[in-house]
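J.: Attaching a predicted model along with its sequence, questions to come.
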Amino acid sequence: MAEPRLMLPHFAASQRARVMGIESLSDESVLRFYEKIRQQLAANLASGNRRFLGQATKQRAHQLHEEIERRRLRCNPTEWR
């Protein structure tokens, strides 16, 4: 009897092929992603919910901000309280 084979769903294999680094994004996309994090943080702080945005979000914001600086783009800084 043949051993069962692990079958990956079609979307899983195709999603892995689509992973791209921040450096491959357009300037507009980098700025838009960074601004979305800033908006989420502002909404979070306004609602009093400080747990929603965790360490992973802070790291992503930091990576985006580094890319923005590398490209010499302008943005408003994120103020983590």
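T.: Sure thing, it's come through.
J.: And for the spatially closest residue to residue 80 that is not a sequence neighbour, the neighbour number?
T.: Once flanking residues are discounted, residue 80 sits nearest to residue 58: 6.4 Å by C-beta to C-beta, 6 or more residues apart in numbering. Where C-beta positions appear, they are placed from N, C-alpha and C, glycine not excepted. Number of residues near residue 58 (other C-beta atoms under 10 Å) recorded here: 14.
J.: you'd agree residue 58 is up against residue 79?
T.: No - using C-beta atoms under 8 Å as the test, residue 58 is too far from residue 79 to be in contact (11.8 Å).
J.: what ranges of the chain fall below the confidence cut-off?
T.: 1-20, 50-52, 81 (pLDDT under 70).
J.: got the contact list for residue 28?
T.: Applying C-beta atoms under 8 Å, 6 or more residues apart in numbering to residue 28 gives no contacts.
J.: Identify each buried residue in the host helix or strand of it, please.
T.: According to DSSP states H and E, residue 28 maps onto helix 27-47. Applying a neighbour-count criterion of 16 or more other C-beta atoms under 10 Å, one finds 30, 31, 33, 34, 37, 38, 41, 44 buried in helix 27-47.
J.: The residues you listed into CSV, with extra columns for distance to residue 22?
T.: Shown next, in CSV, are the buried residues of helix 27-47 (distance: C-beta to C-beta, whole Å):
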residue, distance to residue 22
30, 6
31, 12
33, 8
34, 10
37, 13
38, 16
41, 19
44, 23
